[in-house]
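1. sequence? don't have it. structure:
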């Protein structure tokens, strides 16, 4: 087909018949990659060009000496499909067009042989609805959200406030025609409301933002997650966009976690040649395309990513003076018959530590030989706690519905105040039925 003729940056010349033929014969996902457009841009352009062809208003430029498809030929194709009762806007993809002739012989009234030449056109196409599964399975980077920052200024304080949370585990079960979220939108809204009200200098997400059950090594409990992967990355991005809009001056950090790394492990197991692949023409420091920070588009909302689960951490130094600071990690161990916070304290003997992973709100404090107080905290989760999250002890019934089961998990947010020189307050804020209370205020995620 030759090179794409460009009229300007990211502008495709739709008066070039070669580009029009591609537009009419390829599916939207292929076209989005080929032309460097978004899926929605391609879809809207295809609709506009089809309308122009039908109305005879598409005027195409021709390059001297280059064989091209004419406006008449494209119009003929459109008419042929319409005559066959195949509306162009119902075609998802034209696979092939074959035109030819053949001869047949009949006898006339006098018994003489008569030869007839017949023109035949065969069009193979895929209906648009048959491409729905492809469209939903095709994963792309979350579209950047327009962030309109709040004009509020950070209050003047003689301490630093940090709000931390963990384990939203964003994913959607498709049960029939309904999408059932395993993350809890109410709890996520409480996190947003509290950040908006408290205006922290630092916001930390200790991971498992997306669940990615489609990519896990365990046997699936259903086919619910088959075509919902894109929705997870889109929601992760929009959640951060909400936080960024409400807290334009805050640092926002996320620490790598066991669910987030499912993507990289899946690529290594099933498509190793794609591991580490980057978009052409991007800076060396850009994220590989099959990674969580790229697909969730963290850069667009100014989220600082700390990768490398197992070793990943975000260290926040003390606000003023000297002190051990705080290590934020996701966590990789859970004590089912004891305190995970106590285990964290033993594993981090020289600093404060905050983790997620266990879905339980726990705190363990100890005093060092030189009199320094150190705190180890395991936070609760922002996912649902009543059986929707796939895992040990949960199930789906014969009608395909997640079985209700209250798990021994808590939903919570952590508010940390650092007064310098090692003086910290760590406050668990519990979320029950979509509501939280802190310092006399109610934060209602149900509205």
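-> Structure received. Bear in mind the structure is a predicted one, so any value in this text is a computation, not a measurement.
2. quick one, domains of the protein?
-> 6-132, 139-444 (automatic domain parsing).
3. And residue 186, how far from residue 399?
-> 25 Å (C-beta to C-beta, to the nearest Å). The C-beta positions use only the backbone N, C-alpha and C, and glycine is treated the same way.
4. Which one of the two is surrounded by more residues?
-> Neighbours of residue 186 and residue 399, each counted by other C-beta atoms under 10 Å, are more numerous for residue 186; the result is 19 against 7.
5. which residue packs closest to the more buried one, ignoring adjacent ones?
-> residue 434 (3.2 Å; C-beta to C-beta, 6 or more residues apart in numbering).
6. count of residues packed around that neighbour?
-> Neighbours of residue 434 (other C-beta under 10 Å): 17.
7. and what of residue 188?
-> Count around residue 188 with other C-beta under 10 Å applied: 23.
8. what's the closest non-adjacent residue to it?
-> Per C-beta to C-beta, 6+ apart, closest to residue 188 is residue 382, 5.4 Å.
9. How about residue 214?
-> residue 225 (4.7 Å).
10. Quick one: distance of stretch 21-29 to the chain centre.
-> Mean-position distance between stretch 21-29 and its chain equals 25 Å (C-alpha atoms, centre = their mean, to the nearest Å).
11. In the chain, what residue spans correspond to helices?
-> 17-25, 28-35, 39-54, 71-83, 132-137, 185-198, 229-246, 262-270, 292-295, 340-347 (DSSP state H).
12. Give me the phi and psi for the residue nearest to residue 168 when sequence neighbours are not counted.
-> Take residue 168 and drop its neighbours on the chain: the residue closest to it by C-beta to C-beta, 6+ apart is residue 382, 4.2 Å away. Per-residue torsions, residue 382: phi -110, psi 0 (degrees, to the nearest 10).
13. got a pLDDT number for the nearest residue to residue 377 once chain neighbours are set aside?
-> With sequence-adjacent residues excluded and distances taken as C-beta to C-beta, 6+ apart, residue 377 is closest to residue 354, at 4.7 Å. Residue 354 carries a pLDDT value of 98.
14. who touches residue 354 in this structure?
-> 164, 204, 206, 326-329, 376-377, 379, 414, 416, 426 (C-beta atoms under 8 Å, 6 or more residues apart in numbering).
15. one step back: make JSON lines out of the helices of the chain and add distance to residue 314 and mean pLDDT.
-> Compiled in JSON lines, those are given as follows (distance: least, C-beta to C-beta, whole Å; pLDDT from 0 to 100):
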{"stretch": "helix 17-25", "distance to residue 314": "46", "mean pLDDT": "76"}
{"stretch": "helix 28-35", "distance to residue 314": "34", "mean pLDDT": "71"}
{"stretch": "helix 39-54", "distance to residue 314": "34", "mean pLDDT": "79"}
{"stretch": "helix 71-83", "distance to residue 314": "56", "mean pLDDT": "65"}
{"stretch": "helix 132-137", "distance to residue 314": "33", "mean pLDDT": "46"}
{"stretch": "helix 185-198", "distance to residue 314": "17", "mean pLDDT": "97"}
{"stretch": "helix 229-246", "distance to residue 314": "15", "mean pLDDT": "94"}
{"stretch": "helix 262-270", "distance to residue 314": "19", "mean pLDDT": "94"}
{"stretch": "helix 292-295", "distance to residue 314": "14", "mean pLDDT": "96"}
{"stretch": "helix 340-347", "distance to residue 314": "15", "mean pLDDT": "95"}
